[in-house]
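*Asks:* predicted model and sequence below, questions to follow.
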Amino acid sequence: MTPNILAIDQGTTSSRAMVFSASGEVKSRAQKEFDQHFPADGWVEHDAMQIWQVTSQVCRDALAQLAGGDAVAGIGITNQRETTVVWNRTSGEPIYPAIVWQDRRTAETCKAMQSAGKEPDITDRTGLLLDPYFSASKLAWILDHVEGARQQASRGELAFGTIDTWLIWKFTNGKVHATDATNASRTLLFNIHTQQWDDTLLKLFNIPASVLPEVKDCAADFGMATEGLAGRHLPIAGVAGDQHAAMIGQGCFSPGMIKSTYGTGCFALMHTGNTAQPSSNRLLTTTAYRLAGVPQYALEGSIFMAGATVQWLRDKLGIINNASDTEALAASLPSNKGVYLVPAFTGLGAPHWQPDARASICGLTRDSGRAEIARAALEAVCYQTYDLLQAMTEDAQMPIKTLRVDGGMIDNNWLLQALADITGCSAERPSITETTAQGAAFLAGLQLGIYQGLDDITDRWQLERLAVPKMSEAIRTTQLNEWRSALNKTLQS
Ligand SMILES: Nc1ncnc2c1ncn2[C@@H]1O[C@H](COP(=O)(O)OP(=O)(O)O)[C@@H](O)[C@H]1O
Ligand SMILES: O=P(O)(O)OC[C@H](O)CO
């Protein structure tokens, strides 16, 4: 019997379930969006119960599409990271909506802690910055704002989790309260060097240890899923945050390998080996993955608006009908004609971390039209990637070995080539671009003995298209200088 694996990719806007065969082909898939709630300026919430219902529904749908003889050996879970859920251990009901990673309600708390000089020590322990993005201040907010929550927590009645932990709890009917080392690494409560919850950080954020889940390897026994699967019982055997799972799916297992995902935003991670490399460029240091108790580390940089800028062209400017229209528009021009779009719509992420910066378009003339703007939107992603790669190679003190790309935006062949041209680095697109779900399936497969080790996974990675840099050095330098000038104007305004 061929063993298949059910991979769950619980993202920010939708839940996906995909069944992969042992050789890595997609046998079935189902996807469903869920509601986004914006109750106040800068607040973003999800209904954790709805996430559970939608996620278990897509699992049932993907399983129902399988042929009668298709056996499923187990489940891998990957998820939007940092999003924070607190629930009652007895009722299994959340005590407050999930506070999403994008939520900024704790900005003032973080600023006050920064002013009190707390950030350097926190960064040393966690590899992260003192920012509302991460879970700790969100968790403290829930405990402080839901009536009676602190008392319930002190009686051991509450559980905290990121979305992986919440789903594991629901699938196992409250039998397992666990997370993996990558998700734990995004909470600001986990020491990435000792790979344990850190008492100093718990004290600093006023978090009782009683709410925390057990931290396991990415390939481990996370219990038996007995709920939500229409009567099936399947072991949960692999868990990783989505960007970390994409590293696994892209086979980035040695220092200098980078995976960069271009969806709504862009997240680039560079493997840096078995020591956590601190950043002097305000990149994040994080656990890339942990197998058999041994952590591997990565440097991470994020761009807030990648495909989201293309959505803006479609939904707000109305200059394209579909995201894919940008490809022909960009290709229709012989050059960018000096037009640059700095997509700081929600501030700028790494390495700038300027939450108050706002977007701009520079270099417009009477002659400029939709093609110039569409091209500038695509090029912006390439310049920002260049900036991240520069910061990464400087921090890691190692050259780039490979740049593997994925995500919905990278279907765009013009963008793929521009990425190689502007970064000066060959960009590799794999045949299966659902690398996040595939990574979760690989992790479960490792635990279940379907794969014997990482070499098995490396062997399964297949190149679909390679973009080699072709742009002349002179044009590249000019464009990078003009980008820098547009960026500086934006940062100074
Ligand atoms: N051919 C294309 N060219 C440019 N952008 C695209 C293209 N196809 C999709 N996108 C963009 O990619 C994003 C969708 O990618 P996806 O990986 O599904 O994102 P996410 O997982 O973050 O929801 C959208 O923001 C869309 O605008
Ligand atoms: O759900 P995505 O793909 O937008 O990813 C979200 C990230 O994990 C947030 O850190």
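*Replies:* Yep, that arrived. Ligands and ions are numbered 1, 2, ... in the order given.

*Asks:* residue numbers of this protein in contact with ligand 1?
*Replies:* 11, 13, 263-264, 307-308, 310-311, 323-324, 326-327, 407-409, 411-412 (C-beta under 6 Å from any ligand atom). Every C-beta, even on glycine, is put in place using the N, C-alpha and C of the backbone.

*Asks:* recalculate using a threshold of 5 Å.
*Replies:* Contact residues, the chain versus ligand 1 (C-beta under 5 Å from any ligand atom): 263-264, 307, 310-311, 323-324, 326, 407-409, 411-412.

*Asks:* from those residues, which single one is nearest residue 40?
*Replies:* The closest of these to residue 40 turns out to be residue 264 (C-beta to C-beta; 21.6 Å).

*Asks:* so the closest one sits right up against residue 309, yeah?
*Replies:* No - with contacts counted by C-beta atoms under 8 Å, residue 264 stays clear of residue 309, the gap being 9.7 Å.

*Asks:* who has more neighbours, those two?
*Replies:* residue 309 (25 against 19; other C-beta atoms under 10 Å).

*Asks:* the more buried one belongs to a helix, doesn't it?
*Replies:* Yes - the assignment for residue 309 is a helix, going by DSSP: H, G, I helix; E, B strand; the rest coil.

*Asks:* distance of it from residue 377?
*Replies:* Noted for residue 309: a distance of 5 Å to residue 377, by C-beta to C-beta, to the nearest Å.

*Asks:* give me the nearest residue to residue 276, chain neighbours excluded.
*Replies:* Using C-beta to C-beta, 6 or more residues apart in numbering and skipping the chain neighbours, the partner closest in space to residue 276 is residue 297 (4.5 Å).

*Asks:* what about that neighbour, neighbour count?
*Replies:* By other C-beta under 10 Å, 26 other residues sit near residue 297.

*Asks:* what of residue 148?
*Replies:* Close neighbours of residue 148, defined as other C-beta under 10 Å, add up to 9.

*Asks:* residue 79 too?
*Replies:* Neighbour count for residue 79, taken as other C-beta under 10 Å: 31.

*Asks:* and the gap between it and residue 265?
*Replies:* 16 Å.

*Asks:* double-check that residue 16 belongs to a strand.
*Replies:* Yes - assessed by three-state DSSP, residue 16 belongs to a strand.

*Asks:* is it in a bridge, and if so with what?
*Replies:* Beta-bridge partners of residue 16, counted by DSSP bridges, are residue 9, residue 31.

*Asks:* residue contacts, it?
*Replies:* Residue 16 sits next to 8, 9, 10, 29, 30, 31, 58, 437 when contact means C-beta atoms under 8 Å, 6 or more residues apart in numbering.

*Asks:* from the residues you listed, pick the one nearest ligand 1.
*Replies:* Nearest to ligand 1 out of the contacts of residue 16 is residue 9 (C-beta to the nearest ligand atom; 8.4 Å).

*Asks:* what's the neighbour count on the closest one?
*Replies:* Neighbour tally, residue 9, other C-beta under 10 Å: 28.

*Asks:* contacts only, for it.
*Replies:* 15, 16, 17, 18, 78, 79, 242, 245, 434, 436, 437, 440.

*Asks:* ok, now with 7 Å
*Replies:* Residue 9 makes contact with 16, 78, 242, 436, 437, 440 under the criterion C-beta atoms under 7 Å, 6 or more residues apart in numbering.

*Asks:* can you check residue 113 too?
*Replies:* Counting by C-beta under 7 Å, 6+ apart, residue 113 has contacts residue 130.

*Asks:* and the gap between the residue lying closest to residue 42 once chain neighbours are set aside and ligand 2?
*Replies:* In space, and not counting its chain neighbours, residue 42 is closest to residue 104: 3.9 Å by C-beta to C-beta, 6+ apart. Distance of residue 104 to ligand 2, given as C-beta to the nearest ligand atom, to the nearest Å: 14 Å.

*Asks:* wait, residue 104 touches residue 132, no?
*Replies:* Yes - with contact defined as C-beta atoms under 7 Å, residue 104 reaches residue 132; the gap is 5.2 Å.

*Asks:* so what's the model's average confidence on the helix or strand harbouring the residue nearest to residue 276?
*Replies:* Using DSSP states H and E, residue 297 maps to strand 294-303. Taken as a whole, strand 294-303 has an average pLDDT of 96.

*Asks:* name the helix or strand for the residue nearest to residue 42, please.
*Replies:* In this assignment (DSSP H and E), residue 104 forms part of neither any helix nor any strand.

*Asks:* who has more neighbours, residue 104 and residue 132?
*Replies:* Taking neighbours as other C-beta under 10 Å, residue 104 and residue 132 compare with residue 132 leading, 24 against 18.

*Asks:* so how far is residue 186 from the spatially closest residue to the more buried one that is not a sequence neighbour?
*Replies:* Excluding its sequence neighbours, the residue lying closest to residue 132 (C-beta to C-beta, 6+ apart) is residue 106, at 4.3 Å. Per C-beta to C-beta, residue 106 is found 15 Å from residue 186.

*Asks:* the more surrounded of those two?
*Replies:* residue 186 (28 against 21).

*Asks:* wait, the more buried one sits on residue 134?
*Replies:* Yes - counting by C-beta under 7 Å, residue 186 touches residue 134, with 5.9 Å between them.

*Asks:* list the residues that contact both of the two?
*Replies:* residue 82.
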